[in-house]
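A.B. asks: no sequence on hand, only this structure:
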């Protein structure tokens, strides 16, 4: 029973990692497009969002800072960054 629970938990963690990487790649790609179009602030904010989402980058930074944000805090920060990106894109 415990092994099945651990296995299920591991599968969920892997799925979360895959989702984080997928979303991070899309934000990074969008940031590069913004930068190529001369949109410096939205491009920088989009790349910052991808850094926050990428586990390979965010996790070592969090361990060095001895700070691990909860999922809700990470979601709120990303939502605020997304709103900032939307607000700074020229029409």
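C.D. replies: That came in fine, so what should we check first? On a predicted model such as this, the values are computed, not experimentally measured, just so you know. Residues are numbered from 1 along each chain as shown.

A.B. asks: tell me which residues in the helix-or-strand element of the chain with minimal mean pLDDT are buried?
C.D. replies: Least confident helix or strand, the chain: helix 55-65 with a mean of 87, by mean pLDDT, DSSP states H and E. Buried residues in helix 55-65, counted by 16 or more other C-beta atoms under 10 Å: residue 58. Yep, even glycine has a C-beta here, placed from its N, CA and C like the rest.

A.B. asks: for it, packing partners?
C.D. replies: When contacts are defined as 3 or more C-beta pairs under 8 Å, 6 or more residues apart in numbering; DSSP states H and E, helix 55-65 packs onto helix 2-36, helix 40-53.

A.B. asks: now do the shortest one: distance to the chain's middle.
C.D. replies: Centroid separation for helix 40-53 versus its chain: 9 Å, with C-alpha atoms, centre = their mean, to the nearest Å.

A.B. asks: that one packs against which elements?
C.D. replies: Under the contact criterion of 3+ C-beta pairs under 8 Å, 6+ apart, helix 40-53 touches helix 2-36, helix 55-65, helix 71-88.

A.B. asks: could you dump those helices into JSON lines and include distance to residue 46?
C.D. replies: Formatted as JSON lines, those follow (distance: least, C-beta to C-beta, whole Å):
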{"stretch": "helix 2-36", "distance to residue 46": "3"}
{"stretch": "helix 55-65", "distance to residue 46": "15"}
{"stretch": "helix 71-88", "distance to residue 46": "6"}
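
A.B. asks: looking at those helices, which one has the lowest mean pLDDT?
C.D. replies: Sorting those by mean pLDDT places helix 55-65 lowest, at a mean of 87.

A.B. asks: ok, residues contacting that helix?
C.D. replies: Outside of helix 55-65, the residues within contact range by C-beta atoms under 8 Å, 6 or more residues apart in numbering are 17, 20, 21, 51, 52, 68, 69.

A.B. asks: quick one: the spatially most central residue of the chain from residue 90, how far?
C.D. replies: By C-alpha atoms, centre = their mean, the mean C-alpha position of the chain lies nearest to residue 53, the distance being 1.8 Å. From residue 53 across to residue 90, the span is 25 Å (C-beta to C-beta, to the nearest Å).
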